[in-house]
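1. what follows is a predicted protein model with its sequence.
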Amino acid sequence: MTDTPNITDDHFREIDETLLFPKQHSTHRPKVLLLYGSLRDRSFSRLMTQEAARILHRLGAETQTFDPSGLPLPDDQDASHPKVQELRDLVSWSEGMVWCSPERHGAMTAIMKAQIDWIPLSLGAVRPTQGKTLAVMQVNGGSQSFNVVNQLRILGRWMRLITIPNQSSTPKAFLEFDSQDRMKPSPNYDRMVDVMEELVKFTLLTRDQSNYLVDRYSERKETGADLIKRVNSGS
């Protein structure tokens, strides 16, 4: 059962539990970036991320929220655009992320997708999202739906994020916030708290060994330069 002639032994690694369970742990506050998917004056996805940020602070996290206003469409400007650089710097800074989008025409908004599309899969040979944690949420104008959170999960997997099991989908979001733009007590609020609690737990659990968790045999066979050459080459 151990006959594996196709394995390149120089790049094969046994599981190293000292890397998987390090004795030394980071003590700084977990760093979480929040993205939302609407530019309306009263954006419920923005209000939801603000509520989530408050919970994250109570749980000991440090948060940054990206304002997508002024972010160009992907490929309409180059990556030197100030809003693109701001977004990419925040992604590099973060150890976990929250993505929250309204549902529009049965899908996430273009505003949400544009932000994700501006996050590169790699910068040189470094993947800025790989191994970080992700929580997904959506708000709905009507009845409850899971289209957006399902799509965000697909994108999270593609970006090699550790997407937590829990998620939040809030129906009739216009009924969930009071005149002061604070979310009312409800099972939907409680679910959002659950998601933030789980995100912080997963971030604390994985951030010190995230590089090891996503270290892969196939990629060890290629150097960073070889990987870039292969990706940029034709079929």
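-> Cool, the structure landed.
2. what lies in contact with whichever strand or helix holds residue 117?
-> Secondary structure assignment for residue 117, by DSSP states H and E: helix 110-118. With contacts defined as Cβ atoms under 8 Å, 6 or more residues apart in numbering, helix 110-118 is touched by 35-39, 45, 66, 68, 71, 73-74, 79, 84, 87-88, 99, 101, 104, 148, 152, 155, 159. Every residue, glycine included, has its C-beta placed from N, CA and C.
3. so how far is that helix from its chain's centroid?
-> Helix 110-118 sits 12 Å away from the centroid of its parent chain (Cα atoms, centre = their mean, to the nearest Å).
4. what helices and strands are in contact with the following helix or strand past it?
-> The helix or strand immediately downstream of helix 110-118 is strand 133-139, counting by DSSP H and E. Identification of packing neighbours for strand 133-139 by 3 or more Cβ pairs under 8 Å, 6 or more residues apart in numbering; DSSP states H and E yields helix 44-58, strand 96-104, helix 147-158, strand 162-163, strand 168-170, helix 187-206.
5. relative orientation of the longest one and strand 133-139 in degrees?
-> Counting by axes from the mean of the first three to the mean of the last three Cα atoms, to 10 degrees, helix 187-206 points 170 degrees away from the direction of strand 133-139.
6. for the protein, which element, helix or strand, carries the lowest mean pLDDT?
-> When the helices and strands of the chain are scored by mean pLDDT, DSSP states H and E, helix 224-232 comes last with a mean of 67.
7. now which of the contacts of helix 110-118 would you call buried?
-> 35-38, 45, 66, 68, 71, 84, 87-88, 99, 101, 104, 148, 152, 155, 159 (16 or more other Cβ atoms under 10 Å).
8. buried ones in the helix holding residue 117, by neighbour count?
-> Here helix 110-118 shows 111-116, 118 as buried, counting by 16+ other Cβ under 10 Å.
9. closest to residue 183 out of the residues you listed?
-> residue 112 (19.7 Å; Cβ to Cβ).
10. distance check, the closest one against residue 207.
-> According to Cβ to Cβ, to the nearest Å, residue 112 and residue 207 sit 25 Å apart.
11. related to what we said a few turns ago, in JSON lines: the buried residues of helix 110-118, plus distance to residue 199 and pLDDT.
-> Shown next, in JSON lines, are the buried residues of helix 110-118 (distance: Cβ to Cβ, whole Å; pLDDT from 0 to 100):
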{"residue": "111", "distance to residue 199": "22", "pLDDT": "97"}
{"residue": "112", "distance to residue 199": "18", "pLDDT": "97"}
{"residue": "113", "distance to residue 199": "21", "pLDDT": "97"}
{"residue": "114", "distance to residue 199": "23", "pLDDT": "97"}
{"residue": "115", "distance to residue 199": "18", "pLDDT": "97"}
{"residue": "116", "distance to residue 199": "17", "pLDDT": "96"}
{"residue": "118", "distance to residue 199": "22", "pLDDT": "95"}
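12. specify which member of the residues you listed is nearest to residue 2.
-> Nearest to residue 2 among the buried residues of helix 110-118, with distances taken as Cβ to Cβ, is residue 116, at 41.7 Å.
13. next one: the closest one from residue 229, what distance?
-> Distance of residue 116 to residue 229, computed by Cβ to Cβ: 26 Å.
14. now swap in residue 56 and tell me
-> For residue 56, the distance to residue 229 - Cβ to Cβ - is 40 Å.
15. if you count surrounding residues, which of the two has more?
-> More neighbours surround residue 56 than the other of residue 56 and residue 229, with 25 against 11 (other Cβ atoms under 10 Å).
16. what sits against the more buried one?
-> Here residue 56 is in contact with 30, 32, 63, 98, 196, 199-200 (Cβ under 8 Å, 6+ apart).
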